[in-house]
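Visitor: coords please:
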Amino acid sequence: MVRTMSIFGTASLLCGCVSLAAGQSVSKPDPHIRMFDPQLTAALTLGTRMSPTLDRLVEEIEHSDLIVYVMFERARQRAVAAHVGFMTAAGGRRYVHVALDPALQGPNLIGMLAHELQHAAEIARAPSVVDERSLAALYLRIGVDCARNWLERRFDSAAAIEVGARVTRDARDGFRQLAGTGVGSGAGTGCNDVCR
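Guide: Residues are numbered from 1 along each chain as shown. Just a heads-up that it's a prediction; the model follows:
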């Protein structure tokens, strides 16, 4: 399993969460990025509108053989806010899961989601990754081992760190622009509409 180190704080803007008005998200018939939590769906939808980088990542994954299940999961370790894990390969597709700490909100959630989707794109580009062993081999080549002991493997990549930081900046800028349009000011979409 690949685990990534958190590079973002927990500060957030606009009530610290992400949401969209109901009905704005359009589902594809066979999406390669699958999530069942409305807050995650909203974060991805809003994030792709705010960040061309995240939009390109989503498109790359959608055109690959990789299926990515995204979910909230409490971090088992304090310094790990999210991780990607390999699930299986079957039927000409490979499956991974992305787990994000539910404490992540707003631009930090969008940025960490992008960070983990960058890892998914790295896996999608490497058809040799078909299990946890080949996943570890990939990250020994392209990343750095962040584990603190020999019992655990935890990797990150410079590309994922850079993408996460860039998308977080894009999301912060996007939230500032939303704030200037009256979101949360009683102009039809209040804080309770934007928060989980």
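Visitor: From the opening residue of stretch 76-95 to its closing one, how far?
Guide: 22 Å (C-alpha to C-alpha, to the nearest Å).
Visitor: mind listing what's buried in that stretch?
Guide: Across stretch 76-95, burial judged by 16 or more other C-beta atoms under 10 Å covers 80-86, 89, 94-95. No exception for glycine: its C-beta is placed from N, CA and C like everyone else's.
Visitor: Which of those residues fall within strands?
Guide: 82-86, 89, 94-95 (DSSP state E).
Visitor: and the residues you listed, which two are the farthest apart?
Guide: Across those, the longest distance by C-beta to C-beta is 22.4 Å; it joins Ala82 and Ala89.
Visitor: among the buried residues of stretch 76-95, which two are most distant?
Guide: Ala81 and Ala89 (26.9 Å).
Visitor: List the contacts of the most centrally placed residue in the chain.
Guide: Centroid-nearest residue in the chain: Leu113, 1.5 Å away (criterion: C-alpha atoms, centre = their mean). Shown in contact with Leu113 (C-beta atoms under 8 Å, 6 or more residues apart in numbering): 40, 43-44, 47, 54, 70, 82, 98, 100, 167.
Visitor: before we move on, what about Leu40?
Guide: 70-72, 100, 113.
Visitor: Thr168 now?
Guide: Contacts of Thr168 by C-beta under 8 Å, 6+ apart are 8, 107-108, 110-112, 114.
Visitor: Turn these into JSON lines, including distance to Ser134.
Guide: Listed next are the contacts of Thr168 as JSON lines, based on distance: C-beta to C-beta, whole Å:
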{"residue": "Phe8", "distance to Ser134": "29"}
{"residue": "Pro107", "distance to Ser134": "33"}
{"residue": "Asn108", "distance to Ser134": "31"}
{"residue": "Ile110", "distance to Ser134": "29"}
{"residue": "Gly111", "distance to Ser134": "28"}
{"residue": "Met112", "distance to Ser134": "25"}
{"residue": "Ala114", "distance to Ser134": "24"}
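Visitor: Can you add pLDDT and give the residues you listed back as CSV?
Guide: Rendered in CSV, the data for these read as follows (pLDDT from 0 to 100):
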residue, pLDDT
Phe8, 29
Pro107, 97
Asn108, 96
Ile110, 98
Gly111, 98
Met112, 97
Ala114, 98
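Visitor: In helices only, show me those.
Guide: Judged by DSSP state H, these include 107-108, 110-112, 114 as members of helices.
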